[in-house]
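# Just a sequence and a predicted model for now, questions to come.
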Amino acid sequence: MPKQSTRIDDLLASVTADLLDGDPQRFQDNSIRVERILLELVRPDPVQPRRVLPERIHFAFHQNRLTPTQALRELVQIVQVAARQRGRPFSSVLELLPRSDDDSEETPDVQLSPEEQLLRDLINLAVTIRDDGQVNPLSVVDVSQGVTRLYRIETGERRYWANWLLRDFIPGYDGDGMIPCIVVPSERSSVFRQAKENTARAGLSAIAMARQAALLLLAIHDYEIPDGPVSNDFYRQALELDLRGKREYTDVVLAAMGGVGKMRFSQIKSLLRLSDEALELADRHNLDERKLRPVLLLDPGVHAEIIRQIIDFKLTSKQVQELCEADETDQQESEEPNDIPTSALRIAKVAQAATAPSPHDVARALIKRTGDVDLARVRLRAIQKLLADAEQYLTE
Amino acid sequence: MTRVFVLTNHKGGVGKSTSATNIAFGLTAVLRRAGASNSRVLLVDTDSQGHATLVTTGRNNYGADDSLYTVLMADRQAAPQVLANCIVPSTWDENLHVLPASPMLEGAERELIGVAGAPYRLADPLSRIANQYAAVVIDTRPSFSLMTEMGLLAATDAIVPVEPRYLETVGLMSVINKINEVREGWRHPNLRISGILITKLDMRVRGHKHLLEELQSHSILGKLICGVIPANEAVSYAHHNHQSIFAYDPQCPASKAYAQLVGQLVRQMAKAGA
Ligand SMILES: Nc1ncnc2c1ncn2[C@@H]1O[C@H](COP(=O)(O)OP(=O)(O)OP(=O)(O)O)[C@@H](O)[C@H]1O
Ligand SMILES: [Mg+2]
């Protein structure tokens, strides 16, 4: 057999030598190509730090429990519920677009949920693609294995989703189900390139930046980057890593993060210490790092609640800082015999007080202590919740 | 644009499947040797007999949900993805991929006759994934049927294999007319006849030699001859062993002739691509 295989080589060699005609480069083509690729053969990158879809859909999609169309349908449903609650139900997604002939003009203070904003942006993009008849190419990496052709998106995931939306949700699509892609040879693709592309564009949330930082750290410490969706714990492994041991990579990593300093890099990375729920909320609502940093001082159990307050009351970073530092001193005072923290005893004392203060005075006092109305409201809401929760424990 | 070669002749046993499989394998092997960035080749078997499928994949029991039949029955929008899913690797080479035929294709023709757009049910989805391949090779059945029409509509280049005993110009002209009909009738100007491939030529037979010379001197058909494959027992043995002729016996005359043909096709492809 080996003898035979060398003979087949000889045969083919004679044909190819003839073909190459003394020019061994003739058939080699390492140039970057733009190709039209069937939408179905293109997949978003599950570890891309910049997430387009809401977390629940993101995971269901990447675990292959949802097709792209089903994923979008879920998104549309979420938005439909929100719209109905606001008394503006819609039947076609196109109705989400602000109409130019609409005099009633949306009241500017209507706060769109992140899902509504996302869907609206995607529809906008889809309609632009439909009307212009073209879309800027995505950049993709050929990750085909054997007969399974597959291209993983490096950049352009929003355009990918907009195309699906266009194909399956918007009337008047007459495209061929393909999308132009720049196919990057896989050896040239890297977390570094992706990071640079990501940071070069606006709108990367602080949490996405944190995931980005983690990916870069994991990559330079030779961690294997998985093919499937990853949990936050995967990124959190980077909390134990730093740039110190990897001097030769420091500059590339910092440059890929958009030219940040080492200090800033580690601040961004630290955000991964937020609880899972907090991470999801902060990412979805695009909270910035300075608002999130003080939250890290607190126990992970309360992260999500604080983040919710930041969102609901649109707290400034200064307000967040005050809120968290006050909480922290509470926590530090909590050493006390027989295990009941001082803070709890203090509240009990207030509850026992014979002469309840007037509500007006409480409000004034709160504002005085917290320094502003929003924070005071946060405090009140927190104590309302606390008292309600406490009541449940009375019977135990 | 990816070249899609279709091997077609309504006469049976002229070497369509032998040529389709060996050309497909040869293209892969030669392109890889030449260092081409993409050397994948897709072989599409449209013959319900599934000979090409059998020799290149080791089986021919593909059916309702894993063959060309599945693609033809799929919803228009889903068809490209269905096609991609039905492709299987060949046992001959990792870069040779096969869209298998199925005995069910026999019924498909009947099921599809009269269905609007039926003749495009292969061309349409194939065109969406063809650019993943350096070349596509289609094997057809010996008939002028809807299935063959589908093969022609999906192709850019028709290669007509002929045995010397059928070399009478009348028979050849009828194949060529058929191809022309498809080109004109279906507005498929990209389809061209890229060659007449003479198979099973035995120079010891005086009649063969004579017919070849006659064809070579024909004003139109003579220019169309793209290769001459000698009659060679090794071809039958290779077929029985489910091997390509190149792997079975690279030294035999048929191997050399097919290698030469493949080299010529690659050269054309490179020229068109440049
Ligand atoms: N060059 C050759 N020398 C000897 N035998 C050959 C040659 N080419 C093909 N054959 C044999 O001729 C027979 C028919 O060949 P093949 O199956 O390739 O033809 P076909 O046109 O695909 O047939 P069908 O029309 O039935 O699909 C096979 O047994 C094959 O092994
Ligand atoms: Mg055949």
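Looks like it arrived, so ask away. Ligands and ions are numbered 1, 2, ... in the order given.

# Near chain A, which residues of the stretch 151-274 of chain B are found?
B:246-247, B:249-251, B:255-256, B:259-260, B:262-263, B:266-267, B:270 (C-beta under 8 Å from any C-beta of the partner chain). The C-beta positions use only the backbone N, C-alpha and C, and glycine is treated the same way.

# what residues are up against A:S275?
A:P300, A:G301, A:H303, A:A304 (C-beta atoms under 8 Å, 6 or more residues apart in numbering or on different chains).

# just those now: which is nearest ligand 1?
Closest to ligand 1 out of the contacts of A:S275 is A:A304 (67.5 Å), distances taken as C-beta to the nearest ligand atom.

# Need the three-state assignment for the residue nearest to the closest one when sequence neighbours are not counted.
Excluding its sequence neighbours, the residue lying closest to A:A304 (C-beta to C-beta, 6 or more residues apart in numbering or on different chains) is A:E277, at 3.9 Å. Using DSSP: H, G, I helix; E, B strand; the rest coil as the criterion, the local structure at A:E277 reads helix.

# Thought A:H303 was touching A:E277, still the case?
Yes. A:E277 is within contact range of A:H303, at 7.3 Å (criterion: C-beta atoms under 8 Å).

# Between these two, which has more neighbouring residues?
Neighbour count, other C-beta atoms under 10 Å in any protein chain shown: between A:E277 and A:H303, A:H303 has more, with 22 against 15.

# Now that one. Nearest residue, chain neighbours left out?
Nearest residue to A:H303, sequence neighbours excluded (C-beta to C-beta, 6+ apart): A:A278, at 3.7 Å.

# what about the one you found, neighbour count?
Neighbour tally, A:A278, other C-beta under 10 Å: 27.

# can you check B:K209 too?
Neighbour tally, B:K209, other C-beta under 10 Å: 14.

# did I read that right, it in a strand?
No. Under three-state DSSP, B:K209 sits outside any strand and is assigned helix.

# Look up phi and psi at the residue nearest to it when sequence neighbours are not counted.
Computed as C-beta to C-beta, 6+ apart, the closest residue to B:K209 that is not its neighbour in sequence is B:M203, at 5.6 Å. Torsion angles at B:M203 (phi, psi; degrees, to the nearest 10) stand at phi -60, psi -20.

# my read: B:M203 touches B:E213, true?
No. Between B:M203 and B:E213 there is no contact under C-beta under 8 Å: 11.0 Å.

# do you know how far A:G146 is from chain B?
The spacing between A:G146 and chain B, counted by C-beta to the nearest C-beta, to the nearest Å, is 5 Å.

# and what of A:L11?
A:L11 is 4 Å from chain B, where distance means C-beta to the nearest C-beta.

# and if you look at A:E391?
Applying C-beta to the nearest C-beta to A:E391 and chain B gives a distance of 56 Å.

# Figure out the length between the terminal residues of stretch A:230-245.
The first residue of stretch A:230-245 is 25 Å away from its last residue (C-alpha to C-alpha, to the nearest Å).

# er, stretch B:49-63 I mean
First-to-last residue span, stretch B:49-63, C-alpha to C-alpha: 12 Å.

# after the helix or strand of chain B with the lowest mean pLDDT comes which helix or strand?
Least confident helix or strand of chain B, by mean pLDDT, DSSP states H and E, is helix B:169-185 with a mean of 78. Next helix or strand after helix B:169-185 toward the C-terminus (DSSP states H and E): strand B:192-201.
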